[in-house]
Structure formats: structure tokens, C-alpha cells
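[1] Mind looking at a prediction? Sequence and model below.
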Amino acid sequence: MNQLLILGAGGHGKVIAETAEASGEWQKIALLDDRSEDLNGTLRWPVLDKAGRADRFISEYSHATVAIGDSTRRLEWLDMLSSYGFKIPSLIHPAAWISPSARLAEGCVVMANATVQADVQLGRGCIVNTGASVDHDGVLGDGVHVCPGVSLGGDVQVGRGSWLGIGASVIQGVRIGEHVTVGAGAVVISDISDGMTVVGVPAKGISGGLD
């Protein structure tokens with residue numbers, strides 16, 4: 001059995017902790033958060049210290065991961081944890097379906113009732129959230145967040161750091177660039193360039209991004 005340290009004790013951190021707990025693979029789970037003094041004792045897991053002090057716990061916790069929604073920060077923190085010598089696991093809820101041919105890089109999280117189909121590739125630190133589906137041959141770059149209820153058709157490619165909002169749908173074969181934001185409920189039927197924000201049915205670019 002292993003010990004898991006999670007950086008981030010907000011809502012996403014709680015979901016990741018419960019996902020890890022449900023897997024039955026962890027003997028001990030604890031969290032780090034900059035609000036540790038306020039949060040410790042309020043959750044089912046101890047909140048030991050501030051997130052930036054993870055190196056103090058390397059002798060006690062063999063594995064660590066990051067529960068931060070911002071993709072850039074999430075990947076930076078994963079790099080930091082690796083540099084300290086932590087092992088970075090991928091966490092999969094037992095109620096998720098992962099194809100035997102799918103390939104997950106370290107630091108991925110696949111939540112309850114999510115589906116990752118044949119020959120999908122998930123990059124480092126990806127999140128496939130509750131009830132989302134990634135169909136066959138999909139490729140998600142590092143740090144991509146597929147929010148709850150998102151549906152990606154077959155052979156969809158999503159670039160590094162992109163965020164697909166709750167309930168969005170992407171038809172088969174679409175290419176989505178890096179650091180793209182797809183609004184909740186959007187339906188993407190054509191390729192999207194790097195850095196764009198798109199919303200609507202069908203999805204179209206907007207100026208100024210989402211507030």
C-alpha cells in the first residue's frame with residue numbers, strides 16, 4: 001500500500017481524494033493547501049501544510065498529485081513534485097471505464113462514470129471529469145481538462161492546456177489547438193486555432209474571452 005499527498009484542498013481536491021479513496025490503492029491520503037490552518041480538521045483527510053511545503057513530506061508520502069484547475073499551474077506543480085522525488089500516479093475511479101489500449105501519462109485523473117475508449121492518449125496532468133467521454137483514437141495534450149458531461153467524438157485532438165466546459169460536445173475528427181476555452185454546452189463542428197474561446201451551437205469564437 002502507498003501514501004498519497006494531494007496539493008489542493010478545494011472542491012476539486014475533495015473529488016480527487018474521494019477518487020483515490022474509492023480505488024482502494026492508498027493506505028493514507030493527506031492534502032496540502034495554502035489555507036491549511038483554516039481547513040485542517042474540516043475534511044475527512046488531514047490538511048497538513050501549505051502547498052509550497054510539499055518537500056517536507058517526501059519521507060512520509062511516496063506519491064503525490066495536484067488538484068488545481070488551472071492547467072499551467074497544475075503542470076508546474078507536477079514538475080515540482082517530480083523534482084522532489086515523489087512518484088506521480090494517475091488516479092482512476094473504479095466506476096470509470098478505461099480501454100486496455102488507452103495510454104495515460106502520469107498525473108491524469110479520470111473521475112466516476114467517465115469513459116476513455118480504444119487507443120486514446122491522455123497527456124500529463126489531464127482531467128477527464130465526471131461522466132465525460134473520450135472516444136476512440138482521441139489525443140489530449142498535457143494539462144487538458146475535459147469537464148463533467150463532455151463528449152468527444154472519435155479521433156478528436158485537443159492541444160495542451162485547453163479547457164472544455166461542462167456538457168460541451170466535439171464531433172469526430174476535429175482538431176482543437178492549445179490553450180483553447182470551449183464554453184459550457186458548446187457544440188464544436190470545426191477545427192479551433194490556438195488560444196481561442198468558442199461558445200454556442202455551433203461553437204463560434206468570441207472576442208475578449210469568457211469572464
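    Structure's in. What do you need?

[2] Tell me how far the residue nearest the centre of the chain lies from S133.
    Note on the chain: the residue nearest the mean C-alpha position is I127, at 2.0 Å, using Cα atoms, centre = their mean. Counting by Cβ to Cβ, to the nearest Å, the gap from I127 to S133 is 14 Å. C-beta: built from backbone N, CA, C; applies to glycine.

[3] Let me see the ranges of the helices in the protein.
    11-23, 36-39, 71-84 (DSSP state H).

[4] With distance to T181 as added columns, please give these in a markdown table.
    What follows is these, written out as a markdown table (distance: least, Cβ to Cβ, whole Å):
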| stretch | distance to T181 |
| --- | --- |
| helix 11-23 | 17 |
| helix 36-39 | 29 |
| helix 71-84 | 11 |
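
[5] will you turn those helices into JSON lines that also has mean neighbour count, distance to V182 and mean pLDDT?
    As requested, the helices of the chain are arranged in JSON lines below (neighbours: other Cβ atoms under 10 Å; distance: least, Cβ to Cβ, whole Å; pLDDT from 0 to 100):
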{"stretch": "helix 11-23", "mean neighbour count": "19", "distance to V182": "19", "mean pLDDT": "96"}
{"stretch": "helix 36-39", "mean neighbour count": "14", "distance to V182": "31", "mean pLDDT": "90"}
{"stretch": "helix 71-84", "mean neighbour count": "18", "distance to V182": "13", "mean pLDDT": "96"}
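
[6] what distance separates stretch 106-121 from the middle of the whole chain?
    Distance of stretch 106-121 from its chain centroid, counting by Cα atoms, centre = their mean, to the nearest Å, is 10 Å.

[7] which residue packs closest to D194, ignoring adjacent ones?
    The spatially closest residue to D194, leaving aside those adjacent along the chain, is G177, at 3.6 Å (Cβ to Cβ, 6 or more residues apart in numbering).
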